[in-house]
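**Student:** Output the structure for:
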Amino acid sequence: MKTKFSNNNLLSSAVLVLNANYSPMTVCTAKRAISLYFLDKIDILSNYDESISSPSLSLELPSVIKIRTYVKNNNMAVEISRKNVLIRDNYECQYCGKKSKSLTVDHIIPKFRNGQDTWENLVAACKNCNQAKGEKTPEEANMPLIRRPKRPNRIHYFQRLVRKKQADWRPYLFMEPLN
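**Tutor:** Predicted coordinates:
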């Protein structure tokens, strides 16, 4: 049974956007998806259980949409930033395993030794571990990494957004087979 809400928060719901070839492109808000729908630029592939209403119309809230015209978009890279390093490492110190929202970013090979700002050289670290490691490598500080850092791609980030409510996203993000 569909639930009707006239809540602006519903318009902020996450919507998975697929290219015309069904490859994941981005995530937008339901408000943007509805605008694209009325501009006849997308097909709605899946809906949430909620709907939104106006005085003259009721519309199920989109969950997965596909744009109708293929957009050349081969860039699956994720921009390197403090926030994205913390997300990749699941807000977990890569030295001691402590989970926290207030972590620092540590250079495995210190900057003064020409350590670069790359996905493979940056990890999330708690303040205590970052200070204890100092300007040493993990081996020199006798602080082995829990996981070697890797360059993520957008699909990994989209997969992290999937909750029970977004179960319809799973086949498009390679989390289960298409039906």
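
**Student:** tell me which element the residue nearest the centre of the chain falls in.
**Tutor:** Closest residue to the average C-alpha location of the chain: Tyr157 at 2.8 Å, with Cα atoms, centre = their mean. Using DSSP states H and E, Tyr157 falls within helix 154-161.

**Student:** cool, and Pro138?
**Tutor:** Pro138 belongs to no helix or strand, assigned by DSSP H and E.

**Student:** Which residue ranges of the protein form strands?
**Tutor:** With DSSP state E as the criterion, the chain has strands at 3-5, 14-18, 24-29, 42-54, 57-67, 104-107, 122-125.

**Student:** so how many other residues sit close to the closest residue to Gly97 other than its chain neighbours?
**Tutor:** Spatially, and ignoring its direct neighbours in sequence, Gly97 is nearest to Ile146 (5.9 Å; Cβ to Cβ, 6 or more residues apart in numbering). No exception for glycine: its C-beta is placed from N, CA and C like everyone else's. Applying the criterion other Cβ atoms under 10 Å, we find 13 residues in the vicinity of Ile146.

**Student:** And for Val27?
**Tutor:** If you count neighbours by other Cβ under 10 Å, Val27 ends up with 16.

**Student:** you'd agree it is up against Phe158?
**Tutor:** Yes. If you go by Cβ atoms under 8 Å, Val27 and Phe158 touch, sitting 6.5 Å apart.

**Student:** Assess the claim that Leu36 and Arg68 are in contact.
**Tutor:** No. Using Cβ under 8 Å, Leu36 is not in contact with Arg68; the gap is 9.4 Å.

**Student:** Look up how far Arg88 lies from Glu120.
**Tutor:** Noted for Glu120: a distance of 11 Å to Arg88, by Cβ to Cβ, to the nearest Å.

**Student:** Sorry, wrong one. I was asking about Leu57.
**Tutor:** Look at Leu57 and Arg88: by Cβ to Cβ, they are 41 Å apart.
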